[in-house]
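Peer 1: 3D, please:
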Amino acid sequence: MNLRLLKIIIFLFILSTTTNIYSAVNNDLKFDHLSIADGLSNSTVNCIMKDSRGMMWFGTNDGLNKYDGYQFTIYRNTSGVSESYTSYEVMAIMEDSDNYIWIATKRGGLDIYDRNADRISNVIPQYDDDQLVESLYVLSILEDHIHTVWLGTEVGLYNFDKQTKTITKYNADTTNAHTLSNNVINCLYEDSKKRLWIGTADGLNLFDRDGQSFRRIVYDPNSGHATDIRGIFEDAYGNLWMSVYFGGLIRLDPERGIVKRYLHDRDDPGSISVNQLFCIAGDKEGNLYIGTENGGLNIFNIQTEEVDQYVFDINDENSINSNSVYSAYVCSDGIIWLGTYNGGINYSSKLTQGFRHFSVTQGALNNPYILSIAEDREGNLWIGTDGGGLNVFDRKSRGFKYYLHDDRDMASLSANEVTTVFIDSDDQIWVGTYRASLDLFNPKTEKFTHFRHDPKDTTTIRHDFILTMFEDNDRNLYIGTFNGLDQYNRNTQTFSRFTYPII
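Peer 2: Numbering: from 1, shown residues only. Presented below is the predicted three-dimensional model:
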């Protein structure tokens, strides 16, 4: 055989095998990025949360960041001010049932953000024997279904009573198999059956509330595989999926006790990219979003067990910009948020799904002219139309419901021309119309309360043509009308009018 031809064949073989290693790399998702240049306080993002008001929160190595879709508000340690939180590094964030934001920090313990006061205060919990707990390295935080707050730290698990500010501590004990398997608590998760799962640096534990003890579920020191569990997610079938640092991906069937592990295989381009996994999140379509160390983002489909890999590509401005993904969060609207090491925030919509169209001809909408859309807490869409009243799309049933004006019903929608729909922080549904009134809808009775302009009463709304609505951080409700701006008083159900200079 010709020597030159042999060299070419060898080169092509090496090239093809090298390319095959990365053949699972995908670019269907396009990512945008938020960095320090956009106002982010630090380029390493440890945790992500979306609150009940739609704000995104990011915990970084240099402060807590709130993002409203346009700009960042940064909360940092302020030297000498006790009310600012005590450590720059934010490791976990949680919104509790009272809508307070809890902040777990590295070496600074636990902090709470009060929206109304716009203030962060440090919480100093206590042992039952009144010994102060200070300078905790808090890694994870969870409020369970009975409103108990659980803190995972590097020195054990804490049960925090919000009312008394007292704390109960649970430790690992090598001589007692009914204690935690390790004192480093990386993650906490309450499943659909209200069971509390604890991911430690050495195995998964299940808390027995009655016996105040623990069962070591995924724990085998002789297996040869790491069980440093960094994240937990429950799928629609009740299986628990765990991201394990140096241990790959683990699936647990809690009812049957069956454990399966998925590891990187250098000979299989369809396997996960690396075994060093940091975080895990999931969507409604059965996809897991797994953040890795130096292996990018892995998207694992639980039905097919296929993996798509997303890695940094210097030639693609829409690739992820860091191959170390520390945190992942999937919103109900399908937006994927990633917190990275030194790459800031990456986010993407599921572009591969395309658009689903709803039209009058399909028997969905009753009017093709859409003026306003709002989403409620359950993900239902409230759609204001120009002539078709209020259309409501139920995401669960995939069906539509219509609310129309009826001359014979004084409690019906005031007009079929709905210019704006707004859902406030109390989940009240406000409907603005064209020259008819501002309506407040009661979902239980399916009746509308009307707020109309009365020229003889200055405490009524100043005009019946409603253009827009807004609620500030103090729960003040503002209504933009055709003739100016009003503020609604929830207690008196009256309006105050803002005046403006006549030029």
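Peer 1: Asp28 sits in which helix or strand?
Peer 2: In this structure, Asp28 sits in neither a helix nor a strand according to DSSP states H and E.
Peer 1: Neighbours of it, how many?
Peer 2: Counted with other Cβ atoms under 10 Å, residues neighbouring Asp28 total 12. Where you see a C-beta, it was placed from the backbone N, CA and C, and this is true even at glycine.
Peer 1: roughly how far apart are it and Leu297?
Peer 2: 12 Å (Cβ to Cβ, to the nearest Å).
Peer 1: Likewise for Trp150?
Peer 2: Note on Trp150: its distance to Leu297, by Cβ to Cβ, is 28 Å.
Peer 1: Those two: who's more crowded?
Peer 2: For Trp150 versus Leu297, the count of surrounding residues by other Cβ under 10 Å is larger for Leu297: 28 against 21.
Peer 1: From what I see, the more buried one and Gly291 are in contact.
Peer 2: Yes: Leu297 lies in contact with Gly291 (Cβ atoms under 8 Å); the separation is 6.3 Å.
Peer 1: list the residues that contact both of these two?
Peer 2: Common contacts of Leu297 and Gly291 (Cβ atoms under 8 Å, 6 or more residues apart in numbering): Val325, Ala328, Leu338.
Peer 1: Pass me the low-pLDDT residue ranges in the stretch 351-500 of the chain, would you?
Peer 2: 351-356 (pLDDT under 70).
Peer 1: so where do the strands sit in it?
Peer 2: Here the stretch 351-500 of the chain has its strands, by DSSP state E, counting those that start in this stretch, at 370-375, 381-385, 390-394, 399-403, 418-423, 429-433, 438-442, 447-451, 466-471, 477-481, 484-489, 494-497.
Peer 1: Comparing the ones you listed, which comes out most buried?
Peer 2: strand 429-433 (a mean of 25; mean count of other Cβ atoms under 10 Å).
Peer 1: Residues in contact with it: which ones?
Peer 2: 372, 374, 376, 382, 384, 390, 413-415, 417-424, 438-441, 443, 448, 464-469, 477, 479.
Peer 1: Domain boundaries for the protein, per the record?
Peer 2: If you go by automatic domain parsing, the domain ranges for the chain are 24-353, 370-497.
Peer 1: Out of the ones you listed, flag the one nearest Gly363.
Peer 2: domain 370-497 (8.3 Å; Cβ to Cβ).
Peer 1: how far does stretch 414-434 stretch from start to finish?
Peer 2: Terminal residues of stretch 414-434 lie 9 Å apart, using Cα to Cα, to the nearest Å.
Peer 1: Tell me the gap between that stretch and the middle of its chain.
Peer 2: 26 Å (Cα atoms, centre = their mean, to the nearest Å).
Peer 1: ok so, going back, same list (the domains of the chain) but as CSV, adding distance to Ala364.
Peer 2: Listed next are the domains of the chain as CSV, based on distance: least, Cβ to Cβ, whole Å:
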stretch, distance to Ala364
domain 24-353, 18
domain 370-497, 6
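Peer 1: averaging pLDDT over each of those, which comes out lowest?
Peer 2: Lowest mean pLDDT within the domains of the chain: domain 24-353, a mean of 88.
Peer 1: just how off-centre is it within its chain?
Peer 2: 11 Å.
Peer 1: ditto for stretch 470-483
Peer 2: On Cα atoms, centre = their mean, the centre of stretch 470-483 falls 26 Å from that of its chain.
Peer 1: residues making contact with that stretch?
Peer 2: 115-116, 118, 422, 424-426, 430, 432, 438, 461-469, 485-488, 490, 495.
Peer 1: go again using 6 Å as the cut-off
Peer 2: Surrounding stretch 470-483, the residues in contact under the criterion Cβ atoms under 6 Å, 6 or more residues apart in numbering are Asp424, Ser425, Arg462, His463, Phe465, Ile466, Leu467, Thr468, Met469, Asp486, Gln487, Tyr488.
Peer 1: From those, pick the one nearest Leu263.
Peer 2: Closest to Leu263, out of all of the contacts of stretch 470-483 and judged by Cβ to Cβ, is Ser425, at 45.7 Å.
Peer 1: so how many other residues sit close to that closest one?
Peer 2: Neighbourhood size, Ser425 [other Cβ under 10 Å]: 13.
Peer 1: Now for it: which residues touch it?
Peer 2: Counted by Cβ under 6 Å, 6+ apart, Ser425 has contacts Arg475.
Peer 1: so how far is Arg475 from it?
Peer 2: Ser425 is 6 Å from Arg475, where distance means Cβ to Cβ.
Peer 1: ok, for Lys106, nearest residue in space, not its chain neighbours?
Peer 2: Distance criterion Cβ to Cβ, 6 or more residues apart in numbering; nearest residue to Lys106, sequence neighbours excluded, is Glu89 at 3.8 Å.
Peer 1: And for the one you found, the neighbour number?
Peer 2: Neighbours of Glu89 under the rule other Cβ under 10 Å: 19.
Peer 1: Looks like it contacts Asn61 (just checking).
Peer 2: Yes: at 5.1 Å, Glu89 counts as touching Asn61 under the criterion of Cβ atoms under 6 Å.
Peer 1: Leu206: which element?
Peer 2: Here Leu206 is assigned to strand 203-208, by DSSP H and E.
Peer 1: which helices and strands does that strand pack with?
Peer 2: Here strand 203-208 touches strand 196-200, strand 213-218, going by 3 or more Cβ pairs under 6 Å, 6 or more residues apart in numbering; DSSP states H and E.
Peer 1: List the strands paired with the shortest one, with their directions.
Peer 2: Pointing back at strand 196-200 there. strand 185-190 (antiparallel), strand 203-208 (antiparallel) (DSSP bridges).
Peer 1: Of those, give the one that comes closest to Glu285.
Peer 2: Closest of these to Glu285 is strand 185-190, at 20.4 Å (criterion: Cβ to Cβ).
Peer 1: can you map out the helices along this protein?
Peer 2: Ranges of helices within the chain are 3-21, based on DSSP state H.
Peer 1: tally of neighbours for Glu306?
Peer 2: Neighbours of Glu306 (other Cβ under 10 Å): 11.
Peer 1: ok, it to Phe300 distance?
Peer 2: Distance of Glu306 to Phe300, computed by Cβ to Cβ: 8 Å.
Peer 1: hmm, back to that, next, format the strands of the stretch 351-500 of the chain as JSON lines and append distance to Tyr67.
Peer 2: Listed next are these as JSON lines, based on distance: least, Cβ to Cβ, whole Å:
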{"stretch": "strand 370-375", "distance to Tyr67": "18"}
{"stretch": "strand 381-385", "distance to Tyr67": "23"}
{"stretch": "strand 390-394", "distance to Tyr67": "27"}
{"stretch": "strand 399-403", "distance to Tyr67": "32"}
{"stretch": "strand 418-423", "distance to Tyr67": "20"}
{"stretch": "strand 429-433", "distance to Tyr67": "25"}
{"stretch": "strand 438-442", "distance to Tyr67": "30"}
{"stretch": "strand 447-451", "distance to Tyr67": "33"}
{"stretch": "strand 466-471", "distance to Tyr67": "18"}
{"stretch": "strand 477-481", "distance to Tyr67": "22"}
{"stretch": "strand 484-489", "distance to Tyr67": "26"}
{"stretch": "strand 494-497", "distance to Tyr67": "31"}
